[in-house]
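# Here you go, sequence then predicted model.
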Amino acid sequence: MFILNYHGVSERVDEFEKVFQKHLPLAVFREQMERISKKKNPLSLNEFLSQYKDRRLKSNDVLVSFDDGYKNLLDGAVGIIKSLNIPAVFSIATERVDAPSFWADEVERAIRFSLKASIEIEGRKFDLSDTNRRIKTLIEIKSWMKNMMLEENRRVRLLLLSVAGVSGDEHNLEKFKIMTWEEIKDLTNDSYFNVVHHSHRHYPLSKLGTAEKIVEDVALSVKGLRKIGIEPEVFVYPFGRKEDCGEEVKVVVKDLGFIQGWTVQNKPVDYKDPFEVYRLEMTGDNFEKIFQ
Ligand SMILES: [Zn+2]
């Protein structure tokens, strides 16, 4: 069985999204959900957790999950899955709800809206002379910054914003918006939906600096979701790569009372490690994988 990992779903998909696919076109999403409802057995989070525990998951089962709480899900995706009786899990990074400026989105904003044809940061030159080059530059800068320690990431981001000549809050694209606490709370009132933890800062936990910082971050996310009545259950690791859930991270998540940790490693669920549960990223032709 697969846990499917989506982010946003939007009617307006721009040329950047066609490459990154973080926000799927609404029509594509609708088609996928209709196929799931006809051919697959969609589980709720509680069904998944109890069948995982008893090792009773079946190859035809799927679990739909959305990371980051994008507001655009409320415009269509949520209505589609409800009308098809498909349950879903929403993972929320608590800091992004209160202060919805996420570094990767800020970087995208700087690259897209800069009036310059090229920029130089830390001795590295980046070409911004047309849309395709901007997309290439964005891929390069994001993968560079993802591997920095948090402090360095912050410094480079501020530098980039000033060099690109775009301030943090202008050109706030619709697709970057995150649900409010009220909207998240509304989701939890629906028996089909569950809200789970996705850290506080939404930064790779192993890159926060120290073990104490990892504990602090996960504890802040526990505190944040507790305010809307959610207790630790599933922890969705930010970025979810293999290196984002090392032993030092898993120990903290276990100690703070979680029973599972979810990654994105594009494999079917197995029972090897409940703190490294695989999900399938819904980009490219990964959707077809669940029918093979
Ligand atoms: Zn995320």
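On my side now, so go ahead.
# Give me every residue in the stretch 1-150 of the chain lying close to the ion.
Applying C-beta under 5 Å from the ion, one finds that the stretch 1-150 of the chain approaches the ion through 67-68. (Each C-beta comes from the backbone N, C-alpha and C, glycine too.)
# and K250, what helix or strand is that in?
According to DSSP states H and E, K250 maps onto helix 247-255.
# and that helix, which residues are buried?
Judged by neighbour count (16 or more other C-beta atoms under 10 Å), helix 247-255 contains these buried residues: 249-250, 252-253.
# Could the C-alpha coordinates of that helix be exported in CSV?
These are the backbone C-alpha positions of helix 247-255, laid out as CSV (Å, rounded to 0.1, in the frame of the first residue of the first chain):
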residue,chain,number,x,y,z
GLU,A,247,18.6,8.5,14.8
GLU,A,248,19.1,11.8,16.6
VAL,A,249,15.8,13.0,15.2
LYS,A,250,13.8,9.7,15.7
VAL,A,251,14.8,9.6,19.4
VAL,A,252,13.3,13.0,20.0
VAL,A,253,10.1,12.2,18.2
LYS,A,254,9.7,9.0,20.1
ASP,A,255,10.5,10.6,23.4
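# Just list what it packs against, helices and strands only.
Contact partners of helix 247-255 among helices and strands, from 3 or more C-beta pairs under 8 Å, 6 or more residues apart in numbering; DSSP states H and E: helix 211-226, strand 260-262.
# Ok, which of those comes nearest the ion?
Ranking the helices and strands packed on helix 247-255 by distance to the ion, with C-beta to the ion as the measure, places strand 260-262 first at 10.7 Å.
# After that closest one, which helix or strand is next?
Tracing the chain past strand 260-262, the next element assigned as helix or strand by DSSP H and E is strand 280-281.
# What ranges in this protein fall below the confidence cut-off?
Per-residue confidence of the chain (counting by pLDDT under 70) places the weak regions at 100, 167-172.
# Can you tell me how far the residue nearest the centre of it is from K136?
The C-alpha lying nearest the average C-alpha coordinate of the chain belongs to D67 (C-alpha atoms, centre = their mean; 3.5 Å). Using C-beta to C-beta, to the nearest Å, D67 is found at 25 Å from K136.
# TSV please, covering the helices and strands packed on helix 247-255 and showing distance to the ion and mean neighbour count.
Putting the helices and strands packed on helix 247-255 into TSV (distance: least, C-beta to the ion, whole Å; neighbours: other C-beta atoms under 10 Å) gives the following:
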stretch	distance to the ion	mean neighbour count
helix 211-226	12	17
strand 260-262	11	24
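# Can you classify the nearest residue to P232 once chain neighbours are set aside as helix, strand or coil?
Counting by C-beta to C-beta, 6 or more residues apart in numbering, P232 lies nearest to G257, which is 4.2 Å off, once chain neighbours are set aside. With DSSP: H, G, I helix; E, B strand; the rest coil as the basis, G257 sits in coil.
# how near is G257 to L173?
Distance from G257 to L173, counting by C-beta to C-beta: 36 Å.
# what residues are up against V234?
Applying C-beta atoms under 8 Å, 6 or more residues apart in numbering to V234 gives the contacts 45, 49, 89, 91, 196-197, 258-262.
# May I ask which of the residues you listed has the most neighbours?
Top of the contacts of V234 by neighbour number is W262, holding 29 neighbours under the definition other C-beta atoms under 10 Å.
# got the contact list for V195?
Taking C-beta under 8 Å, 6+ apart as the definition of contact, the neighbours of V195 are 89-92, 184, 187-188, 225, 228, 230.
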